[in-house]
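**Student:** Need coordinates for the following:
(chains A and B)
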Amino acid sequence: MLRKLLVICGPTATGKTGLGIDLAKRFNGEIISADSRQVYSGMDIGTGKDLGPKSNVKYQRSEMRIKNEKYQLGFYLIRNIPVWLYDLVLPDYRFTVADWLICAHLVIKDIWRQEKLPIIVGGTGFYIKSLIEGVGTLGIKPDWRLREKLKDQKTTDLARKLRRLDSTRWRLMNLSDRQNPRRLIRALEVAKSRQPAGGKSEYKNQKKIKKLRFDRILILGLKAPLPVLYQRIDQRVKARVSQGIEAEIKELLVKGYHWQNSSLGKTLGYQEWRLFFERRAAREEVIRRWQYDEHAYARRQLTWFRKIRGVCWFDPDKKTRKRKIENEIAAWITK
RNA sequence: GCCAAGGUAGCCAAGUUGGUCACGGCGCGUGUCUGAAAAACAUGAGAUUCCGGUUCGAUUCCGGACCUUGGCA
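**Tutor:** Have a look, this model is predicted:
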């Protein structure tokens, strides 16, 4: 059997998950979320897990295990379709692409084993890229102590350090990245982990993540004109407010997660509420801010997806969409 | 109707004692991406209400029109 992979990408609020589930039903598939925030348990409404009333869906632990048990691998059954890679870790876990990739590989292989079709659904371009193209230095773990140490250094100093330590890497970086502290720190981290006496590109702490081979990949994209997208986003934000985002955040805060020690502080739909909970902004301002942040996020996502070659794009509103997509996939599957 | 304040980009808003047509923020557009990516960066396009006057020169000064806000009637 061919190792096939269906990918559904696109900016937020285009109905990727819904489409994914429709297609999973039609083509005997299972969903794998490629989303850097849906991996956190307890962060449901704000990250857009389509769980419906919480009591209806139960997280089903998987038998699959990864050596050190860092993740709670499992799935939700949504409309009777397994949706994987939600709720892998707690909100204060520092999750990275590599974590996601390890889990994704495991799940994809398991889905293949059942002769089913893995369907990646997600808006995190970097994660999708890591799966399809691979990421070179993925074996080198983050050094959080180093990151903490360099956290407040001036960008120019970081740049100088990198130029001294790894001038090749520096030369390969573009003007934007050379001014980006995060990227500079990561580059330093990689450079420092190079085996002191070692030969060509020998790194310590390196644990290779083997790339998965695919026989066929079909990438579908959902996108609408920006003004339309903004309307959808604004509506969805309001819907999440009425679904009880406020209560969800309150609950997380009670559990001890807060803006600095967890991903609440850097997740859309949560970070904006900080001012509200600190009584420094009104609810309406927070919601407006959230909507704008979400617009900008959608734009950034689009820049990412526009670069991917061979995406079959569809409009989320078109009635004819479903049949066209199904035909596209049917042709691809039997090819 | 009278008095006062004011009219600078889609919104908020600084400023020029008259001189290369103007600070910022939000929004909007575009891009970067090799273990933080819903992160972190880079970058662009937008403006002086209208008419007349003074002046070599007006966004800034004067007059008028129109509009907005507050107060009084």
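**Student:** What residue spans form the domains of chain A?
**Tutor:** Taking automatic domain parsing as the reference, chain A has its domains at A:4-135+A:209-334, A:144-192.
**Student:** The last one and RNA strand B, are they touching?
**Tutor:** Yes - judged by CB under 7 Å from any atom of the strand, domain A:144-192 comes into contact with RNA strand B at A:147, A:151, A:173-177, A:179-183, A:185-186, A:190. The C-beta positions use only the backbone N, C-alpha and C, and glycine is treated the same way.
**Student:** could you pull out the strands for the stretch 101-250 of chain A?
**Tutor:** Residue ranges of the strands in the stretch 101-250 of chain A, as given by DSSP state E, counting those that start in this stretch, are A:117-121, A:216-222.
**Student:** quick one: secondary structure of the closest residue to A:I81 other than its chain neighbours?
**Tutor:** In space, and not counting its chain neighbours, A:I81 is closest to A:A24: 4.5 Å by CB to CB, 6 or more residues apart in numbering. Three-state call for A:A24 (DSSP: H, G, I helix; E, B strand; the rest coil): helix.
**Student:** Return the residues in contact with A:A24.
**Tutor:** Applying CB atoms under 8 Å, 6 or more residues apart in numbering to A:A24 gives the contacts A:E30, A:I31, A:I81, A:L117, A:I119.
**Student:** what about 10 Å?
**Tutor:** A:6, A:30-31, A:78-83, A:116-119, A:121 (CB atoms under 10 Å, 6 or more residues apart in numbering).
**Student:** re earlier: among the domains of chain A, show me which one is buried the most.
**Tutor:** Sort the domains of chain A by mean neighbour count, taking mean count of other CB atoms under 10 Å, and domain A:4-135+A:209-334 sits at the top with a mean of 17.
**Student:** what about it, how long is it end to end?
**Tutor:** One end of domain A:4-135+A:209-334 to the other measures 11 Å (CA to CA, to the nearest Å).
**Student:** Looking at the stretch 1-150 of chain A, what residue ends up closest to RNA strand B?
**Tutor:** At 1.9 Å from RNA strand B, A:G136 is the closest residue in the stretch 1-150 of chain A, using CB to the nearest atom of the strand.
**Student:** What average pLDDT does the host helix or strand of A:Y76 get?
**Tutor:** Per DSSP states H and E, A:Y76 falls inside strand A:74-78. The average pLDDT for strand A:74-78 rounds to 94.
**Student:** Please export the alpha-carbon coordinates of the helix or strand that it is followed by; CSV is fine.
**Tutor:** Using DSSP H and E, the helix or strand that directly follows strand A:74-78 along the chain is strand A:81-84. Below are the C-alpha coordinates for strand A:81-84, written out as CSV (Å, rounded to 0.1, in the frame of the first residue of the first chain):
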residue,chain,number,x,y,z
ILE,A,81,-13.6,10.4,13.4
PRO,A,82,-10.4,10.2,15.4
VAL,A,83,-8.7,13.6,15.8
TRP,A,84,-5.1,13.3,17.0
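**Student:** and strand A:81-84, average pLDDT?
**Tutor:** On average, strand A:81-84 scores 96.
**Student:** Show me what that strand is in contact with.
**Tutor:** By CB under 10 Å, 6+ apart, strand A:81-84 touches A:17, A:20-25, A:28-33, A:38, A:49-51, A:57, A:60, A:62, A:73-77, A:103-104, A:106-108, A:110-111, A:116, A:118-121.
**Student:** what do you get if the cut-off is 8 Å, keeping everything else the same?
**Tutor:** Outside strand A:81-84, the residues within contact range by CB under 8 Å, 6+ apart are A:17, A:21, A:24-25, A:29-33, A:60, A:73-77, A:103, A:107.
**Student:** Show me the helices in the stretch 1-150 of chain A, by range?
**Tutor:** A:16-27, A:97-113, A:125-132, A:144-150 (DSSP state H, counting those that start in this stretch).
**Student:** In TSV, list these along with mean pLDDT.
**Tutor:** Converted to TSV, the helices of the stretch 1-150 of chain A look like this (pLDDT from 0 to 100):
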stretch	mean pLDDT
helix A:16-27	96
helix A:97-113	96
helix A:125-132	97
helix A:144-150	96
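**Student:** mind listing what the worst-scoring helix or strand of chain A on mean pLDDT pairs with, with the direction of each?
**Tutor:** Ranked by mean pLDDT, DSSP states H and E, the helix or strand of chain A with the weakest confidence is strand A:59-61, at a mean of 87. Strand A:59-61 has the following strand partners under DSSP bridges: strand A:74-78 (antiparallel).
**Student:** wait, does the strand it pairs with contact RNA strand B?
**Tutor:** No - on the criterion CB under 7 Å from any atom of the strand, strand A:74-78 is out of touch with RNA strand B, staying 14.7 Å away.
**Student:** got the angle for that strand vs helix A:16-27?
**Tutor:** Interaxial angle, strand A:74-78 versus helix A:16-27 (axes from the mean of the first three to the mean of the last three CA atoms, to 10 degrees): 80 degrees.
**Student:** what's strand A:74-78 in contact with?
**Tutor:** Applying CB under 8 Å, 6+ apart, the set of residues contacting strand A:74-78 is A:17, A:21, A:30-31, A:49-52, A:57-62, A:82-84, A:86-87.
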